[in-house]
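Engineer: sequence below, structure please.
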Amino acid sequence: MTDTVRTIIWDSHCSFCHRWAKVLAWLDVTGAHRFVGTAEPGAHADPRVTPEDTDRALQLLTPGGRYEGYDAIRRVLARSPLTFWLAPLLWLPPVRALGERVYWKVAASRTCALGTPQPPLKMPWRKS
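Structural biologist: Numbers count the residues shown, from 1 in each chain. This is a model prediction of the structure:
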């Protein structure tokens, strides 16, 4: 992974995660992010992210650092022309506290972590 690429790593074994990665990819109309499922080659090539990290939460790797869960999602939404106007609200303390609580509650209750790997995201509107 290069220093200029923003990469989202999602759990390929989770159909719920696959659906939400597709939503984030759809919102990413500028192509600012690369979407990689954990079952794809090189998903854990960056030393900042481990399989344990990706089992726990969605990961966002940027030149500035690694973000996970709710923090990763709000940073992705801030980059989308469709949702950038909403992003500042996601930083407000009560919204952030609720968002993090909901994210971790959903992440902890997933039961699909051992399922069949989902296919890589297909984004025909982008040149890869």
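
Engineer: residue 42 and residue 49 touch, don't they?
Structural biologist: No - using Cβ atoms under 8 Å, residue 42 is not in contact with residue 49; the gap is 11.1 Å. The C-beta positions use only the backbone N, C-alpha and C, and glycine is treated the same way.

Engineer: any buried residues in the longest helix seen in the chain, and which?
Structural biologist: Longest helix in the chain by number of residues (criterion: DSSP state H): helix 93-109. Buried residues in helix 93-109, defined by neighbour count with 16 or more other Cβ atoms under 10 Å: 99, 103, 107.

Engineer: coming back round to it: more neighbours: which of residue 42 and residue 49?
Structural biologist: Between residue 42 and residue 49, counted using other Cβ atoms under 10 Å, the more crowded position is residue 49 (21 against 10).

Engineer: the more buried one: which element?
Structural biologist: Using DSSP states H and E, residue 49 sits within no helix or strand.

Engineer: wait, doesn't it sit right on residue 62?
Structural biologist: No - with the criterion set as Cβ under 8 Å, residue 49 and residue 62 do not qualify as a contacting pair; they are 11.7 Å apart.

Engineer: just to revisit the earlier point, output the contacting helices and strands for the longest helix of the chain.
Structural biologist: helix 69-79, helix 87-90 (3 or more Cβ pairs under 8 Å, 6 or more residues apart in numbering; DSSP states H and E).
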